[in-house]
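Participant: Got a predicted structure plus its sequence, pasted below:
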Amino acid sequence: MKTKKNQRIFIFGPAGAGKSTLSKILTKKTNIPTYHLDCLYWLPGWKRTEDPIWYDKLHKILTQPSWIIEGMLQDFELRAQSAYTIYVLDFPLWLCLWRATKRTLQHKRRVRECRPKGCSDKFSWLLFKAIFKYYLRRKTYFEYFAKHQKDKKIKIFKSPRELDDFLRKLHK
């Protein structure tokens with residue numbers, strides 16, 4: 001993948017799928033900036049940003065000519081409409097639950113690079129609720145992708161192996 005002007009890449013999927021990892025790889029290959037939406041939305045102590053402030057931040061990013069955005073299921077349509085390319089990490093539920101649990105235990109009480117300041121990983125039922133919410137709403141997301149696949153490049157990865165194969169081809 002070569003750096004091009006006007007690339008807007010939206011990485012979508014549940015927590016634990018690997019969105020942050022994929023965004024880092026793509027940024028390294030393309031020099032397109034990544035925006036971790038969790039970092040923009042959450043305030044220290046996992047407090048929510050007020051809606052007007054959040055939408056102002058999001059709008060400023062979405063109007064830029066190039067970006068990679070990952071994170072959060074809410075406001076899905078806003079990001080999808082502005083993106084030219086959408087990568088969907090649609091991995092099995094058990095895998096995302098396992099990865100989220102493993103990540104939480106590995107990074108317990110530490111703030112990861114792609115986390116908001118003052119928001120360490122901790123065991124929370126809200127994280128697992130968010131993962132289940134993705135799978136409950138999955139049909140809605142895929143209906144959107146089917147409806148918009150003519151005007152966007154949409155790639156759905158069903159397994160980590162499929163994603164790895166895609167990334168290997170990018171390195172060539």
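Facilitator: Yep, that arrived.

Participant: Show me the shaky parts of this protein.
Facilitator: Under the criterion pLDDT under 70, the flagged ranges of the chain are 1-5, 73, 107-116, 118-123, 172.

Participant: where along it do the strands fall?
Facilitator: Ranges of strands in the chain, per DSSP state E, are 8-12, 34-36, 42-43, 47-48, 67-70, 85-89, 153-157.

Participant: Partner strands of the second one and their direction?
Facilitator: In the sheet, strand 34-36 lines up against strand 67-70 (parallel) (DSSP bridges).

Participant: re earlier: out of the strands of the chain, which comes closest to residue 168?
Facilitator: Residue 168 lies closest to strand 153-157 among those, at 13.0 Å (C-beta to C-beta). Using the backbone N, CA and C atoms, a C-beta is placed for each residue, glycine as well.

Participant: Mean neighbour count and distance to residue 139 for the strands of the chain - can I get that in CSV?
Facilitator: Below are the strands of the chain laid out as CSV (neighbours: other C-beta atoms under 10 Å; distance: least, C-beta to C-beta, whole Å):
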stretch, mean neighbour count, distance to residue 139
strand 8-12, 23, 14
strand 34-36, 21, 27
strand 42-43, 17, 28
strand 47-48, 10, 27
strand 67-70, 24, 22
strand 85-89, 21, 13
strand 153-157, 16, 14
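
Participant: Save the ones you listed as TSV, and put in distance to residue 131 too.
Facilitator: Shown next, in TSV, are the strands of the chain (distance: least, C-beta to C-beta, whole Å):
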stretch	distance to residue 131
strand 8-12	14
strand 34-36	18
strand 42-43	17
strand 47-48	19
strand 67-70	15
strand 85-89	12
strand 153-157	17
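
Participant: and of these, who's closest to residue 124?
Facilitator: strand 42-43 (12.3 Å).
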